[in-house]
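1. Kindly return the folded structure for what I paste below:
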Amino acid sequence: MGKTRNAKSLGRTGLAALAIGLICSGAWPSGVAMAETPLWQLGIPTFAGKKPEEQAQAGPSFHFPPPPSEIAQLPVDATGPLNQPGPAEQSSSEIQPAAYQVQSAATAAVGTPGLPMPPLPAAAELDLPVAPVGTSVPVPPPTDPSTPIGQALATGAAVESAPLAEETASWYEIPWQWVTRGWKNHAELGLDGSSGNSRTLALQTGLEMKRKTERYTLGIDFDYRKATNRGLTTEDNGRLNLDYDRLFQDSKWSAFGKFGAEWDQFKAFDSRLNLNSGLGYHFIRTDDAMFATRFGAGASKEIGAPDDDWKPEAVFGAEGEYQLNRYNKMKAKVDYFPAWEDFSDYRVVSDVAWEILLDDTDNLSLKLALTDRYDSTPQGAKPNDVYYSLLLLVKF
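-> Numbering: from 1, shown residues only. Just a heads-up that it's a prediction; the model follows:
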């Protein structure tokens, strides 16, 4: 069966080739009419344009319809020349879109047996009209949310698209987000010791956390020191400070609250607490520098001391920071706590620090710190304690 079909195909192809040769040579009799069967049905290509390869390189051609005014003047005739199919459209009865007609090499080659399908041109090769640079495209005004979508589309107005999915948090996730976002924190560690004729070990550690927003600044500062000599403790103390500054929008004034806790094994008290609040004034508040002063009132209590009552006291303080450059930063802070009843009974706490950045990742720094704690009523102990340290800071 297969051989018979091949023979028939070869026969038709031979006859068609013979007919074409006779026509081209003029030997075909003038009185003999050709068969009604079109040549494309016999397998003979009838495309007379460019070669498929050349037309594929040239890209598709666009044929835009005439304006509606000209179309209305043309006669409507199903047999007229307007509705006559072209040579490339005789093999297909599909109707092209009214907006424009695209004819590519691939379309012409579909009805031609034996020719490979050329690749379609990329979108960048299409010669589509582009709006000039700087031309603003008019955007229809948004519609009222209560307007039905069908009515909005009919009037040509823009329909508001559905919003993208926004990040939402449950009530129990809000505290964790507040703790983990918007903070600048670092841990401090300093260690030194000796062995031999003297066995000493000194340890200092700390943690500093700060959250700074447009409305407030919250700072948490903790440090602990312990030193031993031949197994005997010679120093054991710690301090915790909580500072809160509430800003008044664009004003330089602010309200502050302060809580402090201090304990020392070698003092006349076990621990001391203080609560203070008042007003502050920011002379400088930028990303690289800050200087503020504060004044207010509060009270303090020494637990484990002969006199452990709450004592009213005032507070006057100043604080400053300055970023010298990327690698150096200076910080200083001083607080003065006089008793309301007698200003000769007072305490002064001062801190000065210099931070040096060690690597470009901004995670490792070196800190030189100096702390002075003075108490005018030490109750048998020395009134002044000075601590100096060299610490390694790890920011997180």
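2. could you give the mean pLDDT of the helix or strand encompassing residue 185?
-> Under the criterion of DSSP states H and E, residue 185 resides in strand 183-194. For strand 183-194, mean pLDDT is 87.
3. Point out the other helices and strands that the helix or strand following it packs with.
-> If you walk from strand 183-194 toward the C-terminus, the next helix or strand you reach (DSSP H and E) is strand 200-212. Using 3 or more C-beta pairs under 8 Å, 6 or more residues apart in numbering; DSSP states H and E, the elements in contact with strand 200-212 are strand 183-194, strand 216-229, strand 384-395. No exception for glycine: its C-beta is placed from N, CA and C like everyone else's.
4. contact partners of the longest one?
-> Read that as strand 216-229. 188, 198-212, 233-247, 387, 389 (C-beta atoms under 8 Å, 6 or more residues apart in numbering).
5. Out of those residues, which end up buried?
-> Listed as buried from these are 188, 202, 204-206, 208-209, 211-212, 235, 237-241, 243-245, 247, 387, 389; burial here means 16 or more other C-beta atoms under 10 Å.
6. what's the angle between the host helix or strand of residue 255 and strand 216-229?
-> Using DSSP H and E, residue 255 maps to strand 253-264. Here strand 253-264 runs at an angle of 20 degrees relative to strand 216-229 (axes from the mean of the first three to the mean of the last three C-alpha atoms, to 10 degrees).
7. Would you mark the buried spots in the following helix or strand past strand 253-264?
-> Of the helices and strands lying after strand 253-264 in sequence (DSSP H and E), the nearest is strand 271-285. Across strand 271-285, burial judged by 16+ other C-beta under 10 Å covers 272, 273, 274, 275, 276, 278, 280, 282.
8. Give the partner strands of the helix or strand following strand 271-285 in its sheet and their orientations.
-> Going down the chain from strand 271-285, the next helix or strand is strand 289-303, by DSSP H and E. Under the criterion DSSP bridges, strand 289-303 sits next to strand 271-285 (antiparallel), strand 311-323 (antiparallel) in its sheet.
9. relative orientation of strand 289-303 and strand 200-212 in degrees?
-> Using the same axes, to 10 degrees: strand 289-303 against strand 200-212 is 120 degrees.
10. Keeping just the C-alphas, turn strand 289-303 into CSV.
-> C-alpha atoms of strand 289-303 as CSV (Å, rounded to 0.1, in the frame of the first residue of the first chain):
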residue,chain,number,x,y,z
ALA,A,289,26.0,64.2,67.1
MET,A,290,23.7,64.6,70.1
PHE,A,291,23.9,66.8,73.2
ALA,A,292,21.0,67.1,75.7
THR,A,293,20.5,68.3,79.3
ARG,A,294,17.8,67.3,81.8
PHE,A,295,16.5,68.3,85.2
GLY,A,296,13.8,66.8,87.4
ALA,A,297,13.0,65.2,90.7
GLY,A,298,12.7,61.8,92.2
ALA,A,299,13.7,59.7,95.2
SER,A,300,16.3,57.1,96.1
LYS,A,301,16.4,54.2,98.6
GLU,A,302,19.4,52.3,100.0
ILE,A,303,18.5,48.7,100.9
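11. by contact count, what packs against the strand holding residue 255?
-> In terms of contacts (3+ C-beta pairs under 8 Å, 6+ apart), strand 253-264 is packed against strand 232-247, strand 271-285, strand 289-303.
12. pLDDT of it, averaged?
-> On average, strand 253-264 scores 94.
13. who are the neighbours in contact with residue 203?
-> Counting by C-beta under 8 Å, 6+ apart, residue 203 touches 190, 191, 225, 226, 227.
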